[in-house]
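>>> what shape does this take:
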Amino acid sequence: MTPVAKQQLVAEVEHVFDPAVIRGLIERLQITELLRHFPERTIWAVFVLVNSFVAIAALSALAMICSTPFVFPSLGPTAFLFFFNPTSAAASPRNAVIGHAIGIICGYGALLITGLQNAPPAMVSGVDTSRIIGAAVSLSATGALMVLLRAAHPPAGATTLIVSLGIITRPLQLVVIEVAVAVLILQAFTINRLAGLNYPIWSSTSRRRQA
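Next comes the predicted model:
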């Protein structure tokens, strides 16, 4: 490669990584800008499609590397909330963290009450009276506490059933659930802010107004 060609290549690389160029590209890809040129429903569908894929794929890779359940069913609806309705109170980091924590505590509390903390999952052992009571107690308590604490996050209802039905029961795994939620929140904050959406750092504006 000639010196002139090298200089041209370096100049092109510097241009690509120029902060002003990167900032301009991000601005053109923001939701508000895209909505001016494309149908709203299509934009949101693509946004949810791409970002849900990235978020769950990253957590799945983390689960594979660490051999720990960083992916569980209730993360799906949480991701949907984060990327389709990110400014709602239910999608705020506060409600997600507190909601899933309530679900975990109520689910494990139901296991202790019914003596099922060491029992195999309901899918293996079947459903008996103790399991019915545990599932009912965990879900009803989770819903009531989320209302009382103003931390409504519907996917937490699935989290508490995952625990009370014996799918995930070990204390370390329960901590990992909250870690996975925190990682998903970090992804949601980064992606939504880059997209020009006012995703909250902790509590949503709508919740503050209600309070």
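>>> packing partners for the helix or strand harbouring Leu139?
In this structure, Leu139 sits in helix 129-148 according to DSSP states H and E. Here helix 129-148 touches helix 93-114, helix 122-125, helix 156-164, going by 3 or more Cβ pairs under 8 Å, 6 or more residues apart in numbering; DSSP states H and E. Yep, even glycine has a C-beta here, placed from its N, CA and C like the rest.
>>> what do you get if the cut-off is 7 Å, keeping everything else the same?
Identification of packing neighbours for helix 129-148 by 3 or more Cβ pairs under 7 Å, 6 or more residues apart in numbering; DSSP states H and E yields helix 93-114, helix 156-164.
>>> and the longest helix for this protein?
Determined from DSSP state H, the single longest helix within the chain is helix 40-66.
>>> show residues contacting the very next helix or strand once past that one.
Past helix 40-66, further along toward the C-terminus, the next helix or strand under DSSP H and E is helix 75-84. Outside helix 75-84, the residues that touch it by Cβ atoms under 7 Å, 6 or more residues apart in numbering are 44, 47-48, 51-52, 55-56, 59, 90-91, 96, 154-155, 158, 180-181, 184, 188.
>>> tell me which residues of helix 75-84 come out buried.
Leu75, Pro77, Thr78, Ala79, Leu81, Phe82, Phe83 (16 or more other Cβ atoms under 10 Å).
>>> pull the CA atoms of it into PDB?
Extracted in PDB, the C-alpha atoms of helix 75-84 (Å, rounded to 0.1, in the frame of the first residue of the first chain):
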ATOM      1  CA  LEU A  75     -37.800 -11.500  31.900                       C
ATOM      2  CA  GLY A  76     -39.700 -11.700  28.600                       C
ATOM      3  CA  PRO A  77     -42.600  -9.500  29.600                       C
ATOM      4  CA  THR A  78     -40.200  -7.200  31.500                       C
ATOM      5  CA  ALA A  79     -38.100  -6.700  28.300                       C
ATOM      6  CA  PHE A  80     -41.300  -6.000  26.400                       C
ATOM      7  CA  LEU A  81     -42.300  -3.300  28.900                       C
ATOM      8  CA  PHE A  82     -38.800  -1.800  28.700                       C
ATOM      9  CA  PHE A  83     -38.800  -1.500  25.000                       C
ATOM     10  CA  PHE A  84     -42.500  -0.900  24.100                       C
END
